[in-house]
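Undergrad: got a structure for you, letters missing:
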């Protein structure tokens, strides 16, 4: 078990009503999906669950409603969920909303965060806070901790990126809205097609992108560190690139190896943790290469299952306990 949940008590509350907003559950990876781990933990702790997708949220005269289905889950790969009949409910039928829609952060995603603010205003706990999800772009938010990053610039202009490349010699360029390693390129001074690469990523110098000094420590893994309600999980998942690859993302063929945090990684994560907690970001994935931050994932962080399997943690229960505690505090306020 992780340091947070070693003595996990039984749920002290009446059962919470928890709505999960996610992609189609039929398409999730049973062996790896972090949202499924959250649903298992919530169910085993006695909470009642509802399920919807972002297009099921709707407003009626300023009141948020949801076309939701009751859901039951089981640790059975052949039958891991059952859905009931869909029905329209006021959002206030729920105590908690788990916002677990995967990127891309497109207009549909953006609109759903605006709608979920109506749930916040009505007293429903939304995890993660929808305004904070909007405010904390996963690439740009990291630059608030620039002293903990490798040299980084954000610009749409080729001249600045070329000057940056001339100084750094070896860089990574990537879009600000990418996911799963898509759109990431490594450039050196003698790379072919530098201009074409930058034209494509910046859409002819109209769209800002991020450029960072290449960190050779990527060979040891792009490490995902999880932060639960301001507390750092003491293990990470090192996503190690496959041969001939620059990217460690599991979606790009990387191999996931869980391991204890180094002193440097723990120091870095502990500087970020209180700030994300203050913003209402209860579950965050901090990406670190060579002890330096590359991204801060706030939309739908993953890697719970891999760390749990390899380290004996129960990170979803850590999160559910934090949610329960927050609901108790709110009810007593």
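TA: Looks like it came in fine. From a predicted model like this one, the values you see are computed outputs, not experimental measurements.

Undergrad: which residues of the stretch 201-333 of the chain fall in helices?
TA: Secondary structure of the stretch 201-333 of the chain by DSSP state H, counting those that start in this stretch: the helices cover 263-278, 304-311, 315-332.

Undergrad: Make JSON lines from those and add mean pLDDT to it.
TA: Output for the helices of the stretch 201-333 of the chain, formatted as JSON lines (pLDDT from 0 to 100):
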{"stretch": "helix 263-278", "mean pLDDT": "98"}
{"stretch": "helix 304-311", "mean pLDDT": "97"}
{"stretch": "helix 315-332", "mean pLDDT": "93"}
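
Undergrad: can you redo the ones you listed as CSV with distance to residue 79?
TA: No exception for glycine: its C-beta is placed from N, CA and C like everyone else's. Formatted as CSV, these follow (distance: least, CB to CB, whole Å):
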stretch, distance to residue 79
helix 263-278, 36
helix 304-311, 18
helix 315-332, 20
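
Undergrad: Pipe those into a markdown table and attach mean neighbour count per row.
TA: What follows is those, written out as a markdown table (neighbours: other CB atoms under 10 Å):
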| stretch | mean neighbour count |
| --- | --- |
| helix 263-278 | 17 |
| helix 304-311 | 20 |
| helix 315-332 | 19 |
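
Undergrad: Which of those sits closest to residue 92?
TA: helix 315-332 (13.6 Å; CB to CB).

Undergrad: Can you tell me which helices and strands that closest one packs against?
TA: Where contact means 3 or more CB pairs under 8 Å, 6 or more residues apart in numbering; DSSP states H and E, helix 315-332 is packed against helix 34-44, strand 125-127, strand 222-228, strand 231-240, helix 304-311.

Undergrad: What about residue 122, how many residues nearby?
TA: Residues within reach of residue 122, counting by other CB atoms under 10 Å, total 13.

Undergrad: Looks like it contacts residue 93 (just checking).
TA: No. With contact defined as CB atoms under 8 Å, residue 122 does not count as touching residue 93 (10.4 Å).

Undergrad: Could you point out which of the helices and strands packed on helix 315-332 sits nearest residue 146?
TA: Of the helices and strands packed on helix 315-332, the one closest to residue 146 (CB to CB) turns out to be strand 222-228, at 18.1 Å.

Undergrad: and the angle from the closest one to helix 304-311?
TA: Angle of strand 222-228 versus helix 304-311, following axes from the mean of the first three to the mean of the last three CA atoms, to 10 degrees, is 100 degrees.

Undergrad: which residues are contacting strand 222-228?
TA: For strand 222-228, contacts defined as CB atoms under 8 Å, 6 or more residues apart in numbering pick out 4, 232-233, 236-239, 241, 247-249, 254, 261, 265, 269, 272-273, 276-277, 282-289, 294, 297, 301-304, 307, 315, 318-319, 322.

Undergrad: let's see it at 7 Å
TA: 4, 232-233, 236-239, 248, 261, 265, 269, 272-273, 276, 282-289, 301, 303, 315, 318-319, 322 (CB atoms under 7 Å, 6 or more residues apart in numbering).
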